[in-house]
Structure formats: structure tokens, C-alpha cells
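[1] Attaching a predicted model along with its sequence, questions to come.
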Amino acid sequence: MKWIKKSYLIFIFLFGIYSTSHGQNQLALSKADSLFSNGDYQLAAIEYERFLYFSSDQTQMLDILYQKAQCYKQLSKFTKACKTLERIRLYNETPDRYAQIKKELSLCYYLDNQIQKAQIQISQLRHKLKNKNLPKETLLVEIFILNELKKWDMAEELAKEYINTNEVNNKTLALQKIDSLYSKKNLPKLKSIEKAENLSRFIPGSGQMYCGKVLEGSFTFLFNGAFLALGIQQILTKFYLTGYAAGFGVLHKTYTGNMARTKHLAIKVNHERHTLFNESIINYLLSL
């Protein structure tokens, strides 16, 4: 009889703890949802994590992790959003749930400039869906990724697929616009970094001119030429130390600096032109 009473009391005690813990968890979840609705995403993320710490419901944890990732995405903390979504285990999830997480992961990786990881997520989603079409948003992300990787032909093909498989007003006009945007004359004219460096190696300043900085290149040419002439003049007049220090010594510094500047300019010009082209594609597809 005593054993039964003890067991009963233990059961009541454990049930009370569970009920209290469960109630606190639900309170934390309600608070997190309220904070999210009010736009207080940082505090909402903390409350969602509080719920995750005490909860053991694996099914509910997926939804909470997804919601917490949304908090970080709203705060433009894309690295944290990616790490939160990576905590979700998708082994036994339905195709719809799997697609939802992979779609969000690919987007967050892309926004975090982790292009290769974003591409991997889309490849995995394509494999899972098999013959089904990618979600509309994910197809857009894949087009943007291919643009980043300078795979223009593949990006153009997917852009046309996006237009054909979604409700777009005047598809013929939209397809013509895509043809125009990806035409050879509209593709970004990227500079060869190696060519720019080689030009500056043999003729200081010519690399800058190649990158479109004509005035800067002309000044660099004259500046280097002046110190070269000074060094030669001093040596011819037998002022060897002055010729080496004031002429060739300074020339060496300006010459190597010119090479580094040329490489920086070529990279900068390519980035600006590439970004401008990508933005034109992104803005147009998002406007459809």
C-alpha cells in the first residue's frame, strides 16, 4: 500500500513538473510569435531559442527553427539564418517540407554571398523533386547564381523557362526582352586582369588606360618616365648614389605600386560591370 502511495505521489510530482515546463514552453512560443508579429525580430529569435532549449517535440522544432531563421533574415543576418536552417534534419520530412527548407536555405546562402553552397542546395532540391518544376522563387535564385558565375547561356535558358512556366503577361515580349538582355552586345565587357598587368609591366600607366582610367594612366606614365629620366641623367653626370636613390629607387616603388593599382582597377571595373548587368536581370525578372 505504501509502495502504491509513493508511486502515485511520484507520478503527481513528475506530471506537475511536465505541466509547468510545457506551460512555460507554450508561453515562450506565444511571446516569440507576438514579438515577430510586432517586428521585434531580435527578441523573437531569443524567445524561439528559449523554446527550442526546453522542447523535445522534434516535429515542432522544425517549424520553430524555420521561424527563427526568418527573424535573422528580416534582420539581414543571413549567416545566422543559414546556420539556423542547417540545424534542421530533413531525413524523414515530406517532399513539401523538404522543398520549403531547401528553398529558404538556397536563398539565404545566396544573400550571404555563399554562391557555391546555394547552388548545392538547389541541386539537391532538383534531385529530390525529380521531374517536377522548381519552386518559382528557387528558380529565380538559380538564375541569379548562374549570372554570378558568368554562365550566361544557362542563365538565359532558365530565365526563359521561368517565363514559360509562370503566369507572365505577354510572354512573347518577355522572351524577346530576355534575348535582348543576354545578347552579346549587352553582356558585361569584362577586362582581363592578366592583360592589364602585362600592359603596366611593359608601359607603366597603359594598364590603367586599358581599364578606362585615361587621365590616371597618363599621369602614371609621365611620373614613372620623369624618375627614369632623373636616374639616367644623374648616372650620366656621375652622381651614382643620387641617380640610384632619387631615380631608380623611387621608380621601383612607383613601378610596383602601379602594378598593384592596375590589378585593383581591373577587378573593380569587372565587379561594377558584372553587378550592373546582374541587377538589370534581377530587376526585370522580379518585375514580371
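    Perfect, thanks for sending it.
[2] mind listing the strands for this structure?
    Counting by DSSP state E, the chain yields no residue ranges for strands.
[3] Walk me through the domains of it.
    18-181, 193-287 (automatic domain parsing).
[4] could those go into a markdown table alongside distance to Leu187, mean neighbour count and mean pLDDT?
    In this view, the C-beta of every residue, glycine as well, is placed from N, C-alpha and C. Formatted as a markdown table, those follow (distance: least, C-beta to C-beta, whole Å; neighbours: other C-beta atoms under 10 Å; pLDDT from 0 to 100):
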| stretch | distance to Leu187 | mean neighbour count | mean pLDDT |
| --- | --- | --- | --- |
| domain 18-181 | 6 | 17 | 88 |
| domain 193-287 | 7 | 16 | 78 |
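[5] What spatial separation is found between the nearest residue to Lys68 once chain neighbours are set aside and Ala155?
    Nearest residue to Lys68, sequence neighbours excluded (C-beta to C-beta, 6 or more residues apart in numbering): Tyr48, at 4.1 Å. Note on Tyr48: its distance to Ala155, by C-beta to C-beta, to the nearest Å, is 36 Å.
[6] Check Ile143 too.
    In terms of C-beta to C-beta, Ile143 sits 5 Å off from Ala155.
[7] so what's in contact with these two at the same time?
    Ile281 (C-beta atoms under 8 Å, 6 or more residues apart in numbering).
[8] wait, the residue nearest to Lys68 sits on Tyr66?
    No. Using C-beta atoms under 8 Å, Tyr48 is not in contact with Tyr66, being 9.7 Å away.
[9] I'd like the distance from the residue nearest the centre of the chain to Pro188, if you could.
    Geometric centre of the chain, nearest residue: Asn113, 1.6 Å, by C-alpha atoms, centre = their mean. Noted for Asn113: a distance of 18 Å to Pro188, by C-beta to C-beta.
[10] what do you get for Leu107?
    24 Å.
[11] And His264, by the same measure?
    Taking C-beta to C-beta, one finds His264 at 18 Å from Pro188.
[12] With Val269 instead?
    10 Å.
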